[in-house]
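In: give me a model of this one.
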Amino acid sequence: LARTAARTLRSARPAVSRLSGARWMADDAAPAGGIPTKLTLNLLAPHEAIFHKQEVDMVIVPGAAGMFGVLPGHVPTISELQPGLLEVTVSPGDTQKFFISSGFAFAHANSTLDVCAVEAVRLEDLDQSAVETGKAQAEKELASQTDEVEKAKAQIAVDTYTAMAQALSLK
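Out: Below is the predicted model of the structure:
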């Protein structure tokens with residue numbers, strides 16, 4: 001078993017060095033004219049394009065590994081989204097906030113950010129009392145479940161309502 005694992009690791013080395021080398025070439029991915037001053041944002045939900053090729057200054061994204069900011073010239077990145085607050089700084093003094101349920105964010109080498117969300121709601125459109133009621137119902141549902149699949153669904157609901165409540169507290 002140990003020899004098989006060692007052979008597998010040795011055969012994977014060329015692929016690993018190609019991948020790690022790609023990270024070092026991020027500077028080569030920048031446009032010839034330098035880094036743009038604006039980030040092009042596409043914020044998409046299944047039912048609408050909230051931003052389509054909108055030039056913005058910065059976006060703070062609720063990534064699965066934690067919050068991260070994207071500015072023009074960001075290293076190409078793919079990140080899974082977790083429920084949380086997405087902040088779009090269109091210009092100094094103009095910040096728009098959205099609650100994102102889940103999805104993916106793609107930062108491209110050309111200073112374009114695509115955020116594909118399962119649900120995206122303007123923070124001011126969330127109803128605090130509805131969130132509190134939903135969270136209480138989800139916690140009750142979680143406590144009453146015995147089936148593992150239903151427990152997992154209830155846990156997702158609790159996590160999402162908790163993230164909504166946290167986003168509303170940061171208004």
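
In: residue ranges with poor pLDDT in this structure?
Out: 1-33, 171 (pLDDT under 70).

In: the residue lying closest to residue 59 once chain neighbours are set aside and residue 166: what is the separation?
Out: Spatial nearest neighbour of residue 59, chain neighbours left out: residue 70 (4.8 Å); criterion: C-beta to C-beta, 6 or more residues apart in numbering. Bear in mind the C-beta positions are built from the backbone N, C-alpha and C, glycine included. According to C-beta to C-beta, to the nearest Å, residue 70 and residue 166 sit 21 Å apart.

In: who has more neighbours, the two?
Out: Using other C-beta atoms under 10 Å, the more surrounded residue of residue 70 and residue 166 is residue 70, with 23 against 13.

In: run the chain-centre distance for the helix or strand encompassing residue 136.
Out: Applying DSSP states H and E as the criterion places residue 136 in helix 128-144. Relative to the centre of its chain, helix 128-144 is centred 24 Å away, using C-alpha atoms, centre = their mean, to the nearest Å.

In: buried sites along that helix?
Out: Neighbour counts over helix 128-144 (16 or more other C-beta atoms under 10 Å) mark 131, 134-135, 138-139, 141-142 as buried.

In: just to check, the residue nearest to residue 59 is in contact with residue 107?
Out: Yes: with contacts counted by C-beta atoms under 8 Å, residue 70 reaches residue 107, the gap being 5.3 Å.

In: what is in contact with those two at once?
Out: Counting by C-beta atoms under 8 Å, 6 or more residues apart in numbering, the shared contacts of residue 70 and residue 107 are 77, 113.

In: buried sites along stretch 83-95?
Out: 83-90.

In: likewise stretch 60-80?
Out: Under the neighbour-count rule (16+ other C-beta under 10 Å), stretch 60-80 has 60-63, 70-74, 79 buried.

In: for the residues you listed, give me JSON lines that also has distance to residue 126 and secondary structure.
Out: Listed next are the buried residues of stretch 60-80 as JSON lines, based on distance: C-beta to C-beta, whole Å; DSSP: H, G, I helix; E, B strand; the rest coil:
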{"residue": "60", "distance to residue 126": "18", "secondary structure": "strand"}
{"residue": "61", "distance to residue 126": "18", "secondary structure": "strand"}
{"residue": "62", "distance to residue 126": "15", "secondary structure": "strand"}
{"residue": "63", "distance to residue 126": "21", "secondary structure": "strand"}
{"residue": "70", "distance to residue 126": "23", "secondary structure": "strand"}
{"residue": "71", "distance to residue 126": "27", "secondary structure": "coil"}
{"residue": "72", "distance to residue 126": "30", "secondary structure": "coil"}
{"residue": "73", "distance to residue 126": "32", "secondary structure": "coil"}
{"residue": "74", "distance to residue 126": "28", "secondary structure": "coil"}
{"residue": "79", "distance to residue 126": "23", "secondary structure": "strand"}
